[in-house]
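**Student:** Sequence and predicted structure, then a few things I'm wondering about:
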Amino acid sequence: MITKARITGLILVLIGITLDYFIESEKFDFAYGALLGIGIALLIIGKFKKEKV
């Protein structure tokens, strides 16, 4: 089952890859990397915050 967090992660990964491919400025490399990192983390984990026990 795909959750909102995984959909958000997928969107962030796609945005990060697209922006890195089309915009060839080195000023924004950190931002693209951050988008990709957060997106990949959300894809793997699949939730936004820790559940209370």
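**Tutor:** Now that the structure is in, tell me what you want to look at.

**Student:** Need the contact partners of the longest helix along the chain.
**Tutor:** If you go by DSSP state H, the chain has its longest helix at helix 4-22. With contact meaning CB atoms under 8 Å, 6 or more residues apart in numbering, helix 4-22 is reached by 28-29, 31-33, 35-36, 38-48. C-beta coordinates here come from the backbone N, C-alpha and C atoms, glycine included.

**Student:** hmm, try it at 7 Å
**Tutor:** Tyr32, Leu35, Leu36, Ile38, Gly39, Ile40, Leu42, Leu43, Gly46, Lys47, Phe48 (CB atoms under 7 Å, 6 or more residues apart in numbering).

**Student:** What sits closest to the third one if chain neighbours are left out?
**Tutor:** Taking CB to CB, 6 or more residues apart in numbering as the measure, Leu36 lies nearest to Gly16, with 4.0 Å between them; neighbours along the chain are not counted.

**Student:** Count the neighbours of that neighbour for me.
**Tutor:** Per other CB atoms under 10 Å, the neighbour tally for Gly16 reads 20.

**Student:** Show me how to select, in PyMOL, the buried members of the contacts of helix 4-22.
**Tutor:** Of the contacts of helix 4-22, the buried ones go into a single PyMOL selection, burial set by 16 or more other CB atoms under 10 Å:
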select buried, resi 32+35+36+39+42+43
